[in-house]
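> no FASTA, just this:
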């Protein structure tokens, strides 16, 4: 009777312990799937709203292009073109208005700032679980006039804008496609370099410039150039080539102060730039008070330069604490080259380091440390039984990397035939951008259609499966109830008959 009154086969955990757990899990999936269906339908509504705005913006752009074509014709005088410019400016303002006010449930759609992360990316939960497959992402780029390149202002970076990131400790990775105004900054061994994309020509060539900030805070212009389309242009390959060119031209070569850093960069077609630090030691000599220079020895395997005891003094034993005349001569010149830059230290009685072995060690160390141009190369000077030893080490420290995307754009100008022709090209690019965005969102909308159909099928089958576990079988339960009632009635009748038969026996005995 309980099962028939509730419609449930399982009315408590004691009815079917395992069944309760399974039914509960199925209920979670069913409710989650039903909500995912509503999420997908909300996502479609959001995309449909954006589609309507995109369609209107494209209509405006088509009219603007028509005006540009008209203004290109020299049958128009300055007054005619001024009137055409008025309409163009009004249409530009309307694009900006549509871009700023179009929203769905409070979410800005066309400004490039919507979504949870404020970057125009909308994530739609279309599954009952928390895996990546339960999420569909739609990116809606800014549709302002500046972003489309047809109005003044700072264009907002699209999802494909150029950027750089750090891979491991010594690799710069470029991604996206550079546009005029993109700026990328990277720091190597304490020196910062900013690469700015000056222009991207219609033929694909990318022109760039650079600024180098030295470790001491001073700045200088880094060598820019042009990467042709054949060599990558504005693609990741071209950006990597530009980064490598600046490093190899301005950081590896001699700088204004005569330094030579030995920083080397190798660019690959996948946009990666591998940074290495070279170490070349040469011209190691010591000249004792004008005597013939005696060579130091350099072991490339251990990266160790040694000035032997026999070469660093003219008489006596070179030991610590001895008198100056028995150690290192006055005006002894120690010299060696590191990556093409000469390090020199000259002993002197009046020098704070003195002319003992320890004093010379300290003097050589100070002379090296003062040479800030040898970034990425360190040296440790010490006194050993064989004389003076200098141990070198090289390293690449790739510091902070940052990207600033997209520079300013200018308003379209229809006041002359030449500028009107340029406006046609800009409008063609803008229309293509809108069409690409519409195609992307249309594909996602179609995907959501399939998602809703599949989720509906899943929900229906989950509900059927849960019903088979916890729902009562009314036919079986009704039959069982009828059987129980018949048996109960029959047993009652039989008991009554039994009692009646006993009464008959008693009546005979009484008679």
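Alright, I've got the coordinates. Treat the numbers as computed from the prediction; the structure is a model and nothing was measured. Numbering: from 1, shown residues only.
> Now do the strands in the stretch 401-511 of the chain.
Secondary structure of the stretch 401-511 of the chain by DSSP state E, counting those that start in this stretch: the strands cover 408-409.
> what do you get for the stretch 201-350 of the chain?
Using DSSP E, counting those that start in this stretch, strands in the stretch 201-350 of the chain cover 206-213, 219-227, 263-267, 272-277, 281-287, 294-295, 297-299, 304-308, 333-338, 341-346.
> so which of these gets nearest residue 177?
strand 206-213 (9.8 Å; Cβ to Cβ). (Glycine included, C-beta is placed from N, CA and C.)
> how near is residue 188 to residue 248?
Counting by Cβ to Cβ, to the nearest Å, the gap from residue 188 to residue 248 is 12 Å.
> what do the two both touch?
residue 263 (Cβ atoms under 8 Å, 6 or more residues apart in numbering).
> Between those two, which is the more surrounded one?
A direct count of neighbours by other Cβ atoms under 10 Å for residue 188 and residue 248 places residue 188 higher, at 22 against 16.
> Might one say that that one is in contact with residue 398?
Yes - counting by Cβ atoms under 8 Å, residue 398 is a contact partner of residue 188 at 6.0 Å.
> which stretches of the stretch 401-511 of the chain form helices?
Assigned by DSSP state H, counting those that start in this stretch, the helices in the stretch 401-511 of the chain fall at 417-470, 474-510.
> got a markdown table for the ones you listed, with mean neighbour count too?
Formatted as a markdown table, the helices of the stretch 401-511 of the chain follow (neighbours: other Cβ atoms under 10 Å):
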| stretch | mean neighbour count |
| --- | --- |
| helix 417-470 | 16 |
| helix 474-510 | 10 |
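> quick one: contacts for residue 251?
Contact analysis of residue 251 by Cβ under 8 Å, 6+ apart lists 188, 191, 193, 212, 261, 263.
> Secondary structure element holding residue 52?
Using DSSP states H and E, residue 52 maps to helix 17-72.
> model confidence over the helix or strand just after that helix, on average?
With elements assigned by DSSP H and E, the helix or strand that comes after helix 17-72 is helix 78-101. Averaging pLDDT along helix 78-101 gives 94.
> and helix 78-101, which residues are buried?
For helix 78-101, burial by neighbour count (16 or more other Cβ atoms under 10 Å) applies to 81, 84, 85, 88, 89, 91, 92, 95, 96, 98, 99.
> now stretch 20-40
Of all the residues in stretch 20-40, those buried under the rule 16+ other Cβ under 10 Å are 20, 23, 26, 29, 30, 32, 33, 34, 36, 37, 39, 40.
> about what we covered before: between the helices of the stretch 401-511 of the chain, which gets the lowest average pLDDT?
The lowest average pLDDT among the helices of the stretch 401-511 of the chain, as it happens, falls on helix 474-510, at a mean of 77.
> That one - contacts with which helices or strands?
helix 2-6 (3 or more Cβ pairs under 8 Å, 6 or more residues apart in numbering; DSSP states H and E).
> Could I get the average pLDDT for the helix it packs on?
When pLDDT is averaged over helix 2-6, the result is 66.
> How about stretch 378-397?
The model assigns stretch 378-397 a mean pLDDT of 87.
> so where does the residue most central in space within the chain fall, helix or strand?
The residue lying closest to the centre of the chain (Cα atoms, centre = their mean) is residue 165, at 6.7 Å. Taking DSSP H and E as the definition, residue 165 sits inside strand 163-167.
> The residue lying closest to residue 233 once chain neighbours are set aside: how many residues sit nearby?
Once flanking residues are discounted, residue 233 sits nearest to residue 204: 4.0 Å by Cβ to Cβ, 6 or more residues apart in numbering. Applying other Cβ under 10 Å, we find 16 residues neighbouring residue 204.
> which residues touch residue 204?
So residue 204 contacts 228, 229, 233, 234 (Cβ under 8 Å, 6+ apart).
> what about the second one, neighbour count?
Burial of residue 229, expressed as a neighbour count using other Cβ under 10 Å, amounts to 15.
> ok, the nearest residue to it once chain neighbours are set aside to residue 139 distance?
In space, and not counting its chain neighbours, residue 229 is closest to residue 204: 2.9 Å by Cβ to Cβ, 6+ apart. Residue 204 is 25 Å from residue 139, where distance means Cβ to Cβ.
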